[in-house]
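Q: Sequence and predicted structure are below.
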Amino acid sequence: MKLKQGSFLWYLYLDKLYCLLSVRNVKALLEYFHLLDVHHNNTLNDVLFYHFLHHVTSWNRTQIMIVFNMLDWNAMGEIGFDQFYMLVCILLAQQNHLEEQFIFRHSRPVFELLDLDGELRIGAENFHMYNFLFNIKKQDLRELYHDFDITGDRRLNYKEFKLFTIFTMDKYQERQKAEKDKDKGKKDLLKKKRLHHVNVSLKQFLGINVSESRL
Amino acid sequence: MEEKPFKASLGSYGSDKSSPDNDIRNLWTRATLSQPKLNVPRSSVGENSDMEGGGIGRKSRRWYNQKAGRDSDGGWEEWDDGEDKGSFKQEDLNESSLLELELRRASSLRSRLGEDVDSVTDTEMSSSESSLNISKHTPHRAYWMEQQNRLPLPLMELMENEALEILTKALRSYRSGIGRDHFLTKQLQRCIEGLKRRQSKRLHLLVH
């Protein structure tokens, strides 16, 4: 999923450590929310919500309605600003490839979102339904249930889910570190090559001068 | 503490919109140097400011005052001695103290100018001083009000244009779903018309 370039959300950004918006960004988002809240209920109904997401994201109708049902945790048929703010944070986390960090930092709210039935347990089908939201690949899902389902009921409770987020975060940090080292290695190699070229050209230059002076 | 301003604004969302005449930015865009009258109440400035904005406002105001003090020779110590953390708090700074600060700055600038340019007449100096006061006074108040109280105009424009596109598409769904005569459809239509009017007003101001 990519946010529409030049849209209002495209200009917002998350704090990379806490994966939340700054207060100034929230103020702007609140104004935006009020512009869309045409019925002055401090909420967006399903039609307004659909058109908003359809305009700013590349999601289809099914995905948008899944998100709506997930966020409508009071079953009011409308989305308030709290849910809207949560959605925007999730969108921005996806846009900036901060999904692992977001799930780690906000494991409790994410768990509660995924726990549709309110049973304090998440089945594999829940995860599968929302993998477009958090970018969890099938392979990772299989590993998740294989490694972290300690109770063996093929569902994750909050503690097991938290362990999963910690593990995913560690993997993400290792990946970041490996990428940094790779970049550093490339830069060092480039430096060495340049130095080598400079040395070779200097030697050639000096070699020519010495032979001229001898003559 | 950050939640309070938003709850207040949610509760009193209509009140901000009900006083367009007091919007200093309308005066700012049309103000000239010959119009020193800016009677926008400053009491609303500190109320809705968030911590981040307030902190940045405080820091940048201190930077500005220090820079202005540094620019005028001998004014630096004056600022240093007189500088009190409490006096730079946004809620304590009122119109009269702001004017006083501007006048002090102008007088220190005048003394500096007087050393370099002896041939400038008093009348020219007084007119330049008054225009300096006005030119310094006019944009700063609007700048600080905008910083503390409102979102920048370009951002508002972007948000309104996007909201207009979204709501226009939603209107089609409303009409096909619940009909043209439903009160919700009419409410949405009124909103769209309001946004279009604001958009055309902005375009009109830009052209002229």
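A: Thanks, I have it.
Q: Can you list the residue ranges for strands in chain A?
A: Ranges of strands in chain A, per DSSP state E, are A:43-45, A:78-80, A:122-123, A:155-156.
Q: Those residues of chain A touching chain B, which are they?
A: A:7-8, A:11, A:22-24, A:26-28, A:30-32, A:34-36, A:38-40, A:42, A:47-48, A:50-52, A:54-55, A:81 (C-beta under 8 Å from any C-beta of the partner chain). Every residue, glycine included, has its C-beta placed from N, CA and C.
Q: State the distance from residue B:185 to residue A:41.
A: 16 Å (C-beta to C-beta, to the nearest Å).
Q: So for the two, which sits in the more crowded spot?
A: residue B:185 (18 against 11; other C-beta atoms under 10 Å in any protein chain shown).
Q: Touching, the more buried one and residue B:176? I think so.
A: No. Under the criterion of C-beta atoms under 8 Å, residue B:185 makes no contact with residue B:176, lying 10.1 Å away.
Q: related to what we said a few turns ago, could the strands of chain A go into TSV alongside distance to residue A:179?
A: Listed next are the strands of chain A as TSV, based on distance: least, C-beta to C-beta, whole Å:
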stretch	distance to residue A:179
strand A:43-45	39
strand A:78-80	37
strand A:122-123	30
strand A:155-156	29
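Q: before we move on, the earlier item: whichever of the residues of chain A next to chain B end up buried, select them in PyMOL.
A: Remark: buried members of the residues of chain A next to chain B, expressed as a PyMOL selection using 16 or more other C-beta atoms under 10 Å in any protein chain shown:
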select buried, chain A and resi 7+8+22+23+26+27+28+30+31+32+34+35+36+38+42+47+48+50+51+52+54+55+81
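Q: So which of the residues of chain A next to chain B belong to helices?
A: A:23-24, A:26-28, A:30-32, A:34-36, A:47-48, A:50-52, A:54-55, A:81 (DSSP state H).
Q: same for the longest helix anywhere in chain A, what does it pack against?
A: If you go by DSSP H, chain A has its longest helix at helix A:158-214. If you count contacts as 3 or more C-beta pairs under 8 Å, 6 or more residues apart in numbering or on different chains; DSSP states H and E, helix A:158-214 packs onto helix A:99-105, helix A:107-114, helix A:138-148.
Q: What is the least confident helix or strand in chain A?
A: helix A:138-148 (a mean of 70; mean pLDDT, DSSP states H and E).
Q: before we move on, the earlier item: for residue A:205, which of the helices and strands packed on helix A:158-214 is the nearest?
A: Taking C-beta to C-beta, helix A:99-105 is the member of the helices and strands packed on helix A:158-214 nearest to residue A:205, at 52.3 Å.
Q: what's that closest one packed up against?
A: Against helix A:99-105 (3+ C-beta pairs under 8 Å, 6+ apart) you get helix A:81-95, helix A:131-134, helix A:158-214.
Q: how many other residues sit next to the nearest residue to residue A:100 once chain neighbours are set aside?
A: Sequence neighbours aside, residue A:172 is the residue nearest to residue A:100 in space, at 4.0 Å (criterion: C-beta to C-beta, 6 or more residues apart in numbering or on different chains). Residue A:172: 17 surrounding residues under other C-beta under 10 Å.
Q: From chain B, how far out is residue A:172?
A: 28 Å (C-beta to the nearest C-beta, to the nearest Å).
Q: Help me confirm that that residue comes into contact with residue A:103.
A: No. Assessed by C-beta under 8 Å, residue A:172 is found out of contact with residue A:103, at 9.8 Å.
Q: any residues in contact with both of these two?
A: Common neighbours of residue A:172 and residue A:103, counting by C-beta atoms under 8 Å, 6 or more residues apart in numbering or on different chains, are absent.
Q: Could you measure from residue B:140 over to residue A:3?
A: Where residue A:3 is concerned, residue B:140 sits at a distance of 36 Å (C-beta to C-beta).
Q: More neighbours: these two, which one.
A: Set residue B:140 next to residue A:3 and count neighbours by other C-beta under 10 Å: residue A:3 wins out with 20 against 14.
Q: Next, the more buried one: phi, psi?
A: Phi and psi for residue A:3, reported as degrees, to the nearest 10, are phi -70, psi 150.
Q: Now do the contacts for residue A:111.
A: With C-beta under 8 Å, 6+ apart, residue A:111 has these contacts: A:122, A:158, A:161-162.
Q: top of the residues you listed by neighbour count?
A: residue A:122 leads the contacts of residue A:111 on contacts (other C-beta under 10 Å) with 26 neighbours.
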